[in-house]
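K.L.:
just a sequence and a predicted model for now, questions to come.
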Amino acid sequence: MRGSRSPRSARWSSLRFAWRSASGHRLGQTLALLAVATLITACTAFAPVYDRAMQQALVDTLLARAGTDGTTVIVESAALNFAGGATEARDPRELQGMVPADISAVLDPPVLGRTAVVTPVAGDVPPTGQLVWRDGGCDHVRVLDGACPAGPGEILVSEADADLFGLATGSTTKVGSEGDGPQVRLEVVGTYAPADEEWWQGLTLVEHALVTGGTDPSAAHDAWLTTEKTFAGSPVLPGETSQVSAVVPTPETGVDDVLALGDGVRQLARDLRGDGQDLHVRTDLGDLAAEVRAQAQQAHRTVPLLLAPMAVLTLFVLWLVLTAATRQRRGEVAVARLRGRGPAGAAALLLVELLPVLLVGVVPGIALALAGGAVARSLLPGSAPFEAGPGFVTAVALAVLAIVLTALAAAVRVAREPLDDLVRSGSVASRRWSLGAPDAVLVAVAGTGAVAFVAGGLSGSFALAGPALLALFVGLVVGHVAAPLASAAGRRLLGRGHLLAGLSLLETGRRRDTRAVIAVITVACALAVFSLDALAVGARNRANASEHDAGAPVVLHVEGSDLDGVRAALVDADPSGHRATPVVVASGTTLAVEPDGFRRVAYFPRGAPSDAEWQALAPPAAEPVTLTGSRISLDVQSGDVLTAQDVLGSDSELRLRLVVTTATGVPHTIFLGVVPPAGERTTLTVRQAPCVGGCLLSAVELSAAQGVQVVGAVELSDLRVDGRPVTFPAAAEDWNTTEDAHMVLTPQSTSSGALRLSLGIRGFYPAPISPAWVPATLPAVLPDDGRDPEGLVVAGLDGSDRAAAPVGEVALVPSLPRRSALVGLDAVSRGAEITVDSSLQVWLVDDPDLETAVEAALREHGVAVTDVRRASTVRQSYADTVATWSLALGAVVGPAVILVSLLVLLVLAATGWRASARNLAILRLNGARRRTTSRLAVLAQLPALLIGVIAGVVAGTAGAALAMPDVSFLPAPPGVPVLDTATAWPAVLWAAAACAVVLPAVAAAAGWAVSRRAHLDRVKEGA
């Protein structure tokens, strides 16, 4: 009898079977495959998303920091002067036509303008300043009096100009033109105040007006606003220029716009350079674009190399999951092979079931990457729109390709096994240390990279991949060694009656996934350690760099050189002297400080001087010679053999001077007279010395015509001021010997109480000798920069070189470059003047009330604050960099790799729980108590996990120590040794503790869950 198929019965479909299998009894495995595919795609696709977000944030930050002045593109034409006259600047509209359309399309609407520097021809101290026309300028100021200029020669002036220079509305003045041209008449038609400072594109209109007197009278006026007709209808004015300028619209400008603008303005500058000498392009966009490119290159190194190891780890996890999945389907593959489908058909059967699930996981991976980018963009500064990035599609394609190839390799691996191996229940792990061909290749590749990394053969980007290679090599080797050793140790413990320990180690050795678990845990823990260590070291180095650059929490730059006035103001504002201190920076290389207050205020991020080194900066203990009066006299006795002869052998005069400093620190040279001939004595007197308010003697100076050679001695004594005797140091130790290649002045004591100076001068003058109160050699604390202490000199307050002697070393001198010095302010200021080569500052703690009090006290003493530098601002500038944002991924990668390793444990527990439950049930059937089997289940994975954690922490710490010097912690290589790449042990310990607690806890919970399902009827499942 022949049967027939029911018309209602559906034909067997591999796709339908795969769907029912994936959504039915293998749902847990399906979810694991989805999760792993999602992680691989998310890790790969997130790199370009985050990279783009950082670049956009960087552009927003740099544009905001640059301000209007730094984001303006100006095309300028300057009037040219020559022997026969001058040529006018070009029409601004002509300049506007020179700007390419692709540049002007990105910028705000242009502003046309003209500028000149004008000075009235009348008045004792006529002020100098700018004459400005900007198209539409009156719409961006407040007219306080009168009206906007409308005709030629009409100007608006500031209120300060009207008050200081009598430029009331209706008044007129004449200014000179270029060369011998006629004067230009200007009429004041009103006064103004700025209303829209950003529109003026960095042009400061007011706060220039001033009048100073004294020996160098000068005056300046604020910007005078006028019409274009004033320039068109008058001769060429001094410094006349025309321009067209436009600003980069900050919120709307992206990375590509800035880079294109940078290239465009460079090309425009080259093109205009060939069109005429009068044409110039002024902008900072080229430097800004270069900085964006440089920091983007850092991101291209750091981001992929932080995320790539995690992506590779998840790919390895995918291989483990696929291996477990295909192992469960060995019976189905065997049936397909027996039915004649062949290895290719069997592999296709596996791919039909596994590959769709993996490809579906790509979709949530893409969504997760985009969501992570949106979160990152919300946390980063700036307001640029979210973008996926130009490499996003390529990254997704690479993720899909990696998933497909891994699935294909796993399917082919099982499908090509011999039939007798497929129908067998499974092979037992070898007890011997052995390597298969794939494992040997993997160990060889990882070992080669690890050895090159440890030996220093990897640098740059490859060095950042070193920790992952080292961890993989260690994990593979430890995994292959641990399995047979655990088996041997387990058998030995069982022989000695230690059931739990012996069975746990024996189970570790015989499980086929022990090696994989150890390798995964090792790599995961190493990446967690490396990521968190890099994050902590980066934070430390940014703090070091910002503290060094700032110098102190708050630094006030003050105008002038009135050190005594600053000191008096600080006494009023901070009587303790411990919260605000005066500082002088000489020639940008010498930091002159008051040690007692400075050490409490300044930052020393890599170690401060010791107490002994601070004390060594103190000035000499000698008392100064104080002169108070207008009439000074000094007895001079020449030695019997004193000669002063020129190159022809003729006698020449030898003159004596006193060098003194007044209370303001200004040095004065007082000419006393001519030294008497040999063997004679005289009293030298000056009657108009500038010492009525008090002077300090800083040197005695001998002078003559250049080339005159002096040999002999003179004796000085009986110093008097206004007839009153003044203590004059007469002992040799009270003076500093002057000795160099051209002169020797040696002080000697005499029995008569006079100071004897032994002279040997070879024609170079002046020849000074200073009292011991003025240090001949400045004690200095130096950075370890390899300078020879012999012949060491540092910059003095007047810019001249001062002999110095090192009294200590410090890694960094606050706010100064590598070759710098830290000296005592009292020592270096004795007998010295603070000139324009030095900058007077006040360093103080971050206290708004104290800062307000200090500024008020400085104003009361006639000292103006010109600038303020804050450590918080400097710190933020380092925080808003790609280097910082790249390393911030460590806060994500560290926990993420631990989650990936947890996923491995859960997947292995989900795929192997039936076999484990059956083994536990067999033990119970053979008499083991439930408590014993529960403890065995809990402890089953712990040996492998602990071995992997220990190996990972060691490998991660070693890899981090080797790789940290190649990590970009700052936006640019520092010029001073602020970087400290030592291991951040708190971060390492936190990572190690998290791995050592979380992973065993999850494994123990999974084992306990398996033990709860180890019923006795499980024994029948394998029969």
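P.N.:
That came through, no problem.
K.L.:
correct me, but residue 720 touches residue 726?
P.N.:
Yes. With contacts counted by C-beta atoms under 8 Å, residue 720 reaches residue 726, the gap being 6.3 Å. Using the backbone N, CA and C atoms, a C-beta is placed for each residue, glycine as well.
K.L.:
next, the contact list for the nearest residue to residue 984 once chain neighbours are set aside, please.
P.N.:
Once flanking residues are discounted, residue 984 sits nearest to residue 536: 3.5 Å by C-beta to C-beta, 6 or more residues apart in numbering. Residue 536 makes contacts with 984, 986, 987, as judged by C-beta atoms under 8 Å, 6 or more residues apart in numbering.
K.L.:
helix, strand or coil: sort out the second one for me.
P.N.:
Remark: residue 986 carries the secondary structure label helix [criterion: DSSP: H, G, I helix; E, B strand; the rest coil].
K.L.:
look up how far residue 537 lies from it.
P.N.:
The gap separating residue 986 from residue 537 is 11 Å, by C-beta to C-beta, to the nearest Å.
K.L.:
that older thread, to the chain's geometric centre, what's the distance from the helix or strand where the residue nearest to residue 984 lies?
P.N.:
Following DSSP states H and E, one finds residue 536 within helix 514-550. On the basis of C-alpha atoms, centre = their mean, to the nearest Å, helix 514-550 sits 18 Å off its chain's mean C-alpha point.
K.L.:
re the thing from before, most neighbours among the contacts of residue 536, which one is it?
P.N.:
Using other C-beta atoms under 10 Å as the neighbour criterion, residue 987 leads these with 24 neighbours.
K.L.:
distance check, the nearest residue to it once chain neighbours are set aside against residue 414.
P.N.:
Leaving aside its chain neighbours, residue 987 sits nearest to residue 536 (3.8 Å; criterion: C-beta to C-beta, 6+ apart). Distance, residue 536 to residue 414, by C-beta to C-beta: 44 Å.
K.L.:
likewise residue 676?
P.N.:
To residue 414, residue 676 is 115 Å away according to C-beta to C-beta.
K.L.:
neighbour count winner among those two?
P.N.:
Between residue 676 and residue 414, residue 414 has the larger neighbour count (other C-beta under 10 Å), namely 23 against 18.
K.L.:
just checking, that one touches residue 332?
P.N.:
No. Using C-beta under 8 Å, residue 414 is not in contact with residue 332, being 10.0 Å away.
K.L.:
so what sits against both of those two?
P.N.:
Contacts common to residue 414 and residue 332, judged by C-beta under 8 Å, 6+ apart, are absent.
K.L.:
and stretch 155-168, end to end?
P.N.:
Terminal residues of stretch 155-168 lie 11 Å apart, using C-alpha to C-alpha, to the nearest Å.
K.L.:
touching that stretch from outside, list them.
P.N.:
By C-beta under 8 Å, 6+ apart, stretch 155-168 touches 123, 127, 131, 138, 141, 143-144, 146, 148-149, 169, 173, 186-193, 205-206, 209-211, 219, 221-226, 230.
K.L.:
if we can go back for a sec, and the next helix or strand past the helix holding residue 536?
P.N.:
Defined by DSSP H and E, the subsequent element after helix 514-550 is strand 554-558.
K.L.:
could you list the single helix or strand in the protein with the lowest mean pLDDT?
P.N.:
One helix or strand of the chain scores below all others by mean pLDDT, DSSP states H and E: helix 14-23, with a mean of 53.
K.L.:
doesn't residue 636 make contact with residue 680?
P.N.:
No. Taking contacts as C-beta under 8 Å, residue 680 lies outside contact range of residue 636: 9.0 Å.
K.L.:
okay, the two: which has more neighbours?
P.N.:
residue 636 (21 against 12).
K.L.:
tell me the SS of the more buried one?
P.N.:
Of the three states, residue 636 takes strand under three-state DSSP.
K.L.:
tell me what it is bridged to.
P.N.:
Taking DSSP bridges, one obtains residue 682, residue 716 as the residues bridged to residue 636.
K.L.:
sorry, back to before: distance of the residue nearest to residue 984 relative to residue 900?
P.N.:
In this view, residue 536 and residue 900 are 22 Å apart by C-beta to C-beta.
K.L.:
and if you look at residue 384?
P.N.:
Distance from residue 384 to residue 900, by C-beta to C-beta: 32 Å.
K.L.:
do residue 636 as well
P.N.:
To residue 900, residue 636 is 90 Å away according to C-beta to C-beta.
K.L.:
with residue 52 instead?
P.N.:
Here the criterion is C-beta to C-beta. By it, residue 52 lies 25 Å from residue 900.
K.L.:
what do you get for residue 598?
P.N.:
Taking C-beta to C-beta, one finds residue 598 at 51 Å from residue 900.
K.L.:
in terms of neighbours, single out the busier of those two.
P.N.:
Neighbour totals were compared for residue 598 and residue 900, and residue 598 leads with 25 against 22 (other C-beta under 10 Å).
K.L.:
ok, and the closest non-adjacent residue to the more buried one?
P.N.:
Sequence neighbours aside, residue 581 is the residue nearest to residue 598 in space, at 5.0 Å (criterion: C-beta to C-beta, 6+ apart).
K.L.:
repeat that for residue 986.
P.N.:
Distances taken as C-beta to C-beta, 6+ apart place residue 536 nearest to residue 986, at 7.0 Å, with adjacent residues excluded.
K.L.:
and residue 65, by the same measure?
P.N.:
Closest residue to residue 65 in three dimensions, ignoring its sequence neighbours and counting by C-beta to C-beta, 6+ apart: residue 877, at 7.2 Å.
K.L.:
can you give me the buried ones in whichever strand or helix holds that neighbour?
P.N.:
Under the criterion of DSSP H and E, residue 877 resides in helix 871-879. Within helix 871-879, the residues scored as buried using 16 or more other C-beta atoms under 10 Å are 871, 874, 875, 877, 878, 879.
K.L.:
and for stretch 993-1010?
P.N.:
Buried-residue list, stretch 993-1010, by 16+ other C-beta under 10 Å: 994, 995, 996, 998, 999, 1000, 1002, 1003, 1004, 1006, 1007, 1010.
K.L.:
same deal with stretch 958-967?
P.N.:
For stretch 958-967, a neighbour-count test (16+ other C-beta under 10 Å) marks 958, 959, 960, 962, 963, 964, 966, 967 as buried.
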